[in-house]
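Enquirer: Predicted model and sequence follow; I will ask about them next.
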Amino acid sequence: MTDNTDKHAVGEDTPRKDAVGKVTGKTTYTSDLDLPGMWYAEVVRSPHAHAKVQNVDTSEAEEMGAVCLTNDDVPDLRYNERTISLPEATFKDQTVLTDHPRQVGEAVAAVAASSKELAKAAKEAIEVEYEVLEHVVDPKEAMEDDAPSLHDTVVLDGEELDIENNIATEREIDVGDADAGFDEADVVLEDTFKTGRAYHAQLETKSSVCRPDPNGGITVWPTTQTIHNTRQLIGEIFDLKLSDINVKKMPLGGSFGSSIQMNSVVPISVALALEANRPVKVVSSRDVDMYDHCRYPTEIRLKIGATEDGTLVAAEMETLTDVGSHNIQAYPFLGVMGGFVASLYNFDHIRFNGRAVYTNKAPACAMQGFANPQTTFAVECMVDEVAEEIGIDPLELIRQNYVGKGDTFWGQGPSIKSIIKSDGVKELLDEGAERIDWDSRQPPSEKEGRFRSGIGMARGVHTSGTGGPVPGEAVDYSGALVKINEDGSVDLVTALQDHGGGTLDAGAKMVAEELGVPLENVSVSPTDTKNTVYDVCTHATRGVYAGGAAIHKATKQAKEQLLEFGSRLLEVPPDAILIEPDPENGDGRLYVEGMPDKQISIGEVAKTAEHKNWGTVAAVVSNRQTSCPPAYSAQFVEVEVDMKTGEISLSNVVLGNDSGTIINPTPAKGQQVGGFHRGAGYALYETTTYDDGSGQMINANLADYKMLPASGMPKNENVESFFIETNEPSGPFGAKGIAEPCINPTAAAIANAVYNATGIRFTEIPMSPDKVLNRIREKELDGVDKQAVPANDD
Amino acid sequence: MIAEAEYYRPTDVESACHLLAEHDEAIVVAGGQSLSLLTKEGIISPEKLVDINHIDGLDGIDENDGIVRIGATTNHRTIETSSLVEEMIPALATSAGQIADVQIRNAGTIGGVAAYADPTADYPPVFLVLDATIHAETVEAENTYSADEFFTGYYQSALDEQELVTEVRLPVPSENEGTAFEKLAFRENDRAIVNAAAWIAVEDGTCTDTRIAVGGTTNMPLLAEDAAGHLEGSTLDDTDIEAAATAAKEEIRIASDPSIDEAYRKDMVESLVEKALTTAIKRARGEQ
Amino acid sequence: MTELTLHINGEEHEVDVDPAKPLSAVIRDDIGLKGTKQGCSTGVCGACTVHIDGEAQKSCMQMVGGVIDDEIQTIEGLAEGEDLHPVQEGFVEEFGLQCGFCTPGFIMSATSLLEENSDPSEEEIKQAIHGNTCRCTGYTKIIDSIEYAADALNENESSETTSPSD
């Protein structure tokens, strides 16, 4: 375990550095940005689920003084908005605008004008002639021979790839011999699971401001998780040198994966700004945002075989995912699904088959967990059932089979693997079980009455970043610059983005800890692509583990230089110098043990270095983590099911995580609770649905897209959180990632609790009350339920 | 080119009515909560707006001679927190408090809800079971509508285009009478999937009269008359209440809705009616 | 356009706008106060919550023409110079925020609650914030932040009413 007792920043709770700006409303988000001479954009979007644009008449709009763009006016390059993966895994089917809209809401034209009102009027004055095409909403129908085709070809690694039957991509992974494995098994279970087409519902809708710069080039302020990837893609699309593009990192109003890819409003803002030769702002309305991105929905057929001594021997998973109008990252998605099956349990044999299909709906992209909530839902529900079949406690089955210390972990699918060095799973299970009083569980057959309680659990795992000893199919490295100012205060300069979880606070703490300066002396700089080196993206739970590692490395190098300067002044070798925080003097102090005369503050060193013209104490690094350690979680949930209305309430939850060293304690808990909350919404209510006939989204607004309200969470005192602080040797200060394990197991934990309460296994989420009541009725009709619900049983 | 609305702020009812008479296209702004949505969705483009929130005396709650009068621009938050309403017509306070959220309730008004005739609205079932009246004025006349003639269809009320709702009147239940309101929505307080209200009069342990209303299921709120029939004259045992709830389930129309299963909605009609009756009976008996 | 005068955070602002324009858009675009956010513009998420005559309301659902006689307070009007309002302090101390986009709306709802009810229960807090959506925090720390503020306000009050001889 890590001993953090001697640390002054890492592991301490300190107010967030961005808190005051946020609570006073002074923090500027992209949609708040106003620039002198800025015009406002409106985007003309297809009302049809599938159509071809025959003609766009912008004459009236232009007469109003608006600048207009149609598909003919913008680059026709096909690209993929997400550029994390290498070219061989990046399927390109997206364009800036289109004359072949493949979903309701796809952009066919855009205008900019001097006021919002004028832009709106101009947009309404644009006439688009559509040839309406047949559309398809159901992925199975989409694969039939007579289904309308969305993309005839896509571009993959420079070549045109034919698309047949709307199949965007497929993936197969085989380990061992699954059939032999099942033959050997004593218990074989098979079932089909379905997960919903959830929506990120980040509070800030996707926005972008682009300004042509006075001396050439452009500056862009987008909603993004990666300024560098955004810059590169803009350069590629508009044929601009990267040194002529500056992408600014903005405070981000939440993301949950929806801005890993460059958001589709970004190139539209660039095209309009270049055309108008002035700054242009695009802000998406909420319904447009809902048509912009969603989570990968899945239908999963899962088969698990186990021997009667409780060994999980074989798993077979077949997945169909409906990617919507564009293939943003279905190939990596399928890969990591298979990977997570391999990373949850030590199956000897695994067979994975995945297929991704185009439909005329919003395009799916990564959402917190990225294939793991889907996979974990199926696997952890089935493992619970396997344990019951065999007759052992699920916790015992987990202990026997989980992928832990010394095992190989598939960080992000088959190409990114590492050997596990830190593992707090047994402790997570033990402590979680104790806190929820796991041993008090009664089987479903003992439950009666109208309101039935049940306890269930599920285990989560996720990679910390996508690093590894051998580069895989994803780019993964981060960069940072750390410099000590002439008064001893410190600037931390990194492209690493913070979606709100406190990633940059963690970075600042690492700087403070390593340098021995008070945390108040470390400031996180505003950054852009011109003043930072490359950082791939804050995604895949890599902010602290990988981003932080780069920050830590830069700090160590800067510290070396600081010690070198210090040694000149103290006249001792650098190795003899230690640094400690000196909070009384608001600085850090270089000192030599046993020689009280030999000490100097960091500020003095920096000032002297300036006067003596030695230079700035600074270091800039790029860093790739050569591992992708799993962060673990265990969630124990107690529910109460109203057998009369189908409503599931959450009474008690216990959330445990092993993220190695915890850098920001309360924000880390914030990840646990926030992840659980989103996972509970995913389990109980969240999905976007489409009308077959029109291809319109039925619930394209926040009133009809149901998220769990505050009143849906248990009472605060019944939300328990704990951490098992292992020490991850490859992580900065022993840390691993935290975020995604916090959502991965939630749906299964709730479903398993509902099973314990009712004896009904739910294999489809969301489990809304109407669906729950249906299953309850079915069970009653089967005569299985031993207690009829008494009337008036309030 | 760019349309802009004309915004009027009359300070008395007569001026407001004149404006409505003068301008065909005029739209009344009370709480503005529903109006905002219609405008944003482009369903209406308001050209002339008549804001009635500055009319003195158009808001307020009082009780006289067994009738509670609530001015049209009284907001839901005021109704929800009114001790008079809580004491005399608890069902109304309950329904007010389950509308959306505090911010919306601070703005939305009872007159606006009535006039808008949203079939999922929470007041109408209460109006129906209490036999409330809705009062409206034009330049020429003052009209009174009974609740059961007021709601005529999908976002349709009996109001003439020029009529301005001025108040709602609800008879105060007597000591041997009880009212209750229940609502089901998937996020608490969202627009109702089903809502129900009940009013019941009990004498010597027997039901002498009752009205049950259900909303949210079809184009307008409906009285469940079969259900009421099951209860009248009964001794209000659990089986009587169940039978009434089941009758309500059978008789209340459910319009097709892609977002929610019809069978489920029917089950919830039964469940909510049962719950509303149980509470109303307890109140009639003085037990709650 | 119509010339209107609005009273916001104790100051008068002259604007020339369509009276049917949503107040949130006027506050942000015509007056330039960006703390009030637009998360949905359909009255659900509450990120646009302001005070109108002391009551929490969703400014995206209010036409500007209707509030010219009202005292409007936005998030910018809460702090006194550099001194944060106790609710703002509560959100800082108790980590009641992550991405921060929903935060001004929650703070406005919370201040309104505490003016009405100085010692709300957890249940009452949940009701008061029901009209505000947070996607990041899962709400528990928001509740803690509001409870912190309630304690701070009650302490301030009791220390103010303490007579010198106590």
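Expert: Arrived safely. Numbering: from 1, shown residues only, chains lettered A, B, ... in the order given.

Enquirer: how far away is A:Glu327 from A:Lys92?
Expert: No Glu there; residue A:327 is Asn. Per CB to CB, to the nearest Å, A:Asn327 is found 9 Å from A:Lys92. The C-beta positions use only the backbone N, C-alpha and C, and glycine is treated the same way.

Enquirer: And these two? Which one has more around it.
Expert: Neighbour tally, A:Asn327 and A:Lys92, criterion other CB atoms under 10 Å in any protein chain shown: the higher count belongs to A:Asn327, 29 against 21.

Enquirer: does the more buried one really touch A:Ile167, like I thought?
Expert: No. If you go by CB atoms under 8 Å, A:Asn327 and A:Ile167 don't touch, sitting 10.0 Å apart.

Enquirer: joint contacts of these two?
Expert: Common neighbours of A:Asn327 and A:Ile167, using CB atoms under 8 Å, 6 or more residues apart in numbering or on different chains, are A:356, A:358.

Enquirer: the helices in the stretch 601-750 of chain A, which residues?
Expert: Counting by DSSP state H, counting those that start in this stretch, the stretch 601-750 of chain A has helices at residues A:602-611, A:665-684, A:746-758.

Enquirer: Please convert those helices to JSON lines, extending it with distance to chain C and mean pLDDT.
Expert: Output for those, formatted as JSON lines (distance: least, CB to the nearest CB, whole Å; pLDDT from 0 to 100):
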{"stretch": "helix A:602-611", "distance to chain C": "25", "mean pLDDT": "97"}
{"stretch": "helix A:665-684", "distance to chain C": "3", "mean pLDDT": "98"}
{"stretch": "helix A:746-758", "distance to chain C": "11", "mean pLDDT": "98"}
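
Enquirer: would a markdown table of those helices with mean neighbour count be doable?
Expert: Putting those into a markdown table (neighbours: other CB atoms under 10 Å in any protein chain shown) gives the following:
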| stretch | mean neighbour count |
| --- | --- |
| helix A:602-611 | 19 |
| helix A:665-684 | 26 |
| helix A:746-758 | 28 |
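
Enquirer: Out of those helices, flag the one nearest chain B.
Expert: Proximity to chain B (CB to the nearest CB) singles out helix A:665-684 among the helices of the stretch 601-750 of chain A, at 9.1 Å.

Enquirer: and chain A, what are its domains?
Expert: A:19-26+A:477-623, A:33-133+A:203-254+A:259-290, A:294-469+A:627-782 (automatic domain parsing).

Enquirer: okay, those, which one's buried deepest?
Expert: Greatest average neighbour count among the domains of chain A goes to domain A:294-469+A:627-782 (a mean of 23), per mean count of other CB atoms under 10 Å in any protein chain shown.

Enquirer: and that domain, how far out from the chain's middle?
Expert: Distance, stretch centre to chain centre, for domain A:294-469+A:627-782: 15 Å (CA atoms, centre = their mean, to the nearest Å).

Enquirer: name the element B:Val85 belongs to?
Expert: helix B:83-88 (DSSP states H and E).

Enquirer: Any buried residues in that helix, and which?
Expert: Neighbour counts over helix B:83-88 (16 or more other CB atoms under 10 Å in any protein chain shown) mark B:85-86, B:88 as buried.

Enquirer: Can you redo those residues as TSV, where the extra columns are pLDDT and distance to chain A?
Expert: What follows is the buried residues of helix B:83-88, written out as TSV (pLDDT from 0 to 100; distance: CB to the nearest CB, whole Å):
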residue	pLDDT	distance to chain A
B:Val85	98	23
B:Glu86	97	21
B:Met88	96	25
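
Enquirer: Would you pull up how far the helix holding B:Val85 lies from the middle of the chain?
Expert: Distance, centroid of helix B:83-88 to centroid of chain: 17 Å (CA atoms, centre = their mean).

Enquirer: tell me what whichever helix or strand comes after it is packed against?
Expert: Following helix B:83-88 in sequence order, the next helix or strand is helix B:90-97 (DSSP H and E). With contacts taken as 3 or more CB pairs under 8 Å, 6 or more residues apart in numbering or on different chains; DSSP states H and E, helix B:90-97 sits against helix B:76-81, helix B:83-88, helix B:123-130, strand B:177-184, strand B:194-203.

Enquirer: Show me which residues of the stretch 101-250 of chain B are close to chain C?
Expert: Taking CB under 8 Å from any CB of the partner chain, the part of the stretch 101-250 of chain B that reaches chain C is made up of B:101-104, B:106-107, B:188-189.

Enquirer: Sort out which of the residues you listed are in helices and list them.
Expert: B:102-104, B:106-107 (DSSP state H).

Enquirer: helix/strand/coil for the residue most central in space within chain C?
Expert: Nearest to the geometric centre of chain C sits C:Met108, at 1.5 Å (CA atoms, centre = their mean). Three-state call for C:Met108 (DSSP: H, G, I helix; E, B strand; the rest coil): helix.

Enquirer: my read: it touches C:Cys48, true?
Expert: No. Assessed by CB under 8 Å, C:Met108 is found out of contact with C:Cys48, at 9.2 Å.

Enquirer: what does the stretch 101-250 of chain A have sitting close to chain B?
Expert: Checking the stretch 101-250 of chain A against chain B by CB under 8 Å from any CB, the hits are A:117-118, A:120-121.

Enquirer: where along chain C do the helices fall?
Expert: Remark: helices assigned in chain C by DSSP H are C:23-25, C:86-93, C:103-116, C:122-128, C:140-160.

Enquirer: Could you chop chain C up by domain?
Expert: C:2-76, C:86-161.

Enquirer: Would you mind giving the ones you listed as CSV with distance to chain B and mean pLDDT added?
Expert: Listed next are the domains of chain C as CSV, based on distance: least, CB to the nearest CB, whole Å; pLDDT from 0 to 100:
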stretch, distance to chain B, mean pLDDT
domain C:2-76, 3, 97
domain C:86-161, 3, 96
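
Enquirer: Quick one: closest of those domains to chain A.
Expert: domain C:2-76 (2.0 Å).

Enquirer: just to revisit the earlier point, need the helices of the stretch 601-750 of chain A in CSV (columns: distance to chain B).
Expert: Converted to CSV, these look like this (distance: least, CB to the nearest CB, whole Å):
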stretch, distance to chain B
helix A:602-611, 50
helix A:665-684, 9
helix A:746-758, 16
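
Enquirer: quick one: which of those is nearest B:Gly216?
Expert: helix A:665-684 (20.8 Å; CB to CB).

Enquirer: which strands and helices sit next to that closest one?
Expert: Contact partners of helix A:665-684 among helices and strands, from 3+ CB pairs under 8 Å, 6+ apart: strand A:648-658, strand A:719-723, helix A:746-758, helix C:140-160.

Enquirer: Span of stretch A:157-167 from start to end?
Expert: One end of stretch A:157-167 to the other measures 18 Å (CA to CA, to the nearest Å).

Enquirer: Could I get the average pLDDT for it?
Expert: Across stretch A:157-167, pLDDT averages out at 97.

Enquirer: gap between it and the chain center?
Expert: 27 Å.

Enquirer: try stretch A:545-555
Expert: Put simply, stretch A:545-555 sits 20 Å off its chain's centre (CA atoms, centre = their mean).

Enquirer: do the same with stretch A:457-471
Expert: 13 Å.

Enquirer: who touches stretch A:569-582?
Expert: A:8, A:512, A:515-518, A:559-560, A:562-564, A:566-567, A:588-593, A:595, A:598-602, A:604-605, A:608.

Enquirer: at 7 Å what do you get?
Expert: When contacts are defined by CB atoms under 7 Å, 6 or more residues apart in numbering or on different chains, stretch A:569-582 is touched by residues A:8, A:515-518, A:563-564, A:566-567, A:588-593, A:598, A:600-601, A:605, A:608.

Enquirer: ditto for stretch B:89-98
Expert: Taking CB under 7 Å, 6+ apart as the criterion, the residues outside stretch B:89-98 that touch it are B:68, B:76, B:79-80, B:82, B:85-86, B:122-123, B:126, B:170, B:172-173, B:179-181, B:183, B:189, B:197, B:283.
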